[in-house]
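J.: Structural data only, the sequence is not supplied:
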């Protein structure tokens, strides 16, 4: 049975994508912890991140880094947290969350009913920040 992320990747469920390449996608969390909370997901449906081969994992990590830089451009923060949990959906995914402290990564505080316009705006801001970074040559900084 396909994971919910596979259904999103295949277009069977909606998502606010900020990245897509041949092996990785990234889209906003439907229950964000902070604005711009993004999930980075390999297209290959794999339950545990240690089961990805080294090249796949390296690509997930680098895409996560690029998106975290963009998130920090839009929502400057003390840190952009990267979390790999994997209990809620059996498909590898990295959470990227702009944080000002450890309290910002408490899933009990997730927004269960985010404003759709704010979510659309957040996705647009991240995509724009990624485009600016690429155009100015700071994407690999």
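T.: In hand now; what should we look at? Given the structure is predicted, the values throughout are model-derived calculations rather than measurements.
J.: In this model residue 36 seems to touch residue 95, though I could be wrong.
T.: No - counting by Cβ atoms under 8 Å, residue 95 sits too far from residue 36 to count as a contact (11.2 Å). Bear in mind the C-beta positions are built from the backbone N, C-alpha and C, glycine included.
J.: the more surrounded of these two?
T.: residue 36 (28 against 19; other Cβ atoms under 10 Å).
J.: Make sure the more buried one is indeed in a strand.
T.: No - assignment of residue 36 by DSSP: H, G, I helix; E, B strand; the rest coil gives coil, placing it outside any strand.
J.: Isn't it up against residue 122?
T.: Yes - counting by Cβ under 8 Å, residue 122 is a contact partner of residue 36 at 5.0 Å.
J.: For the two, list the residues in contact with both.
T.: Residues touching both residue 36 and residue 122 (Cβ atoms under 8 Å, 6 or more residues apart in numbering): 28, 74.
J.: coming back round to it: need the overlap of contacts for residue 95 and residue 36.
T.: Between them, residue 95 and residue 36 share no contacting residue, judged by Cβ under 8 Å, 6+ apart.
J.: Could you pull out the helices in the chain for me?
T.: Using DSSP state H, the helices of the chain run over residues 4-9, 54-74, 116-136.
J.: and the shortest one, what does it pack onto?
T.: For helix 4-9, the elements it packs on are strand 24-28, strand 38-42, judged by 3 or more Cβ pairs under 8 Å, 6 or more residues apart in numbering; DSSP states H and E.
J.: and it, how far from the chain's centre?
T.: 14 Å (Cα atoms, centre = their mean, to the nearest Å).
J.: Give the buried residues for that helix.
T.: In terms of neighbour count (16 or more other Cβ atoms under 10 Å), helix 4-9 has its buried residues at 5, 6, 8, 9.
J.: what's the neighbour count on the nearest residue to the second one once chain neighbours are set aside?
T.: Once flanking residues are discounted, residue 6 sits nearest to residue 45: 5.1 Å by Cβ to Cβ, 6 or more residues apart in numbering. Residue 45 sits with 14 neighbouring residues when counted by other Cβ under 10 Å.
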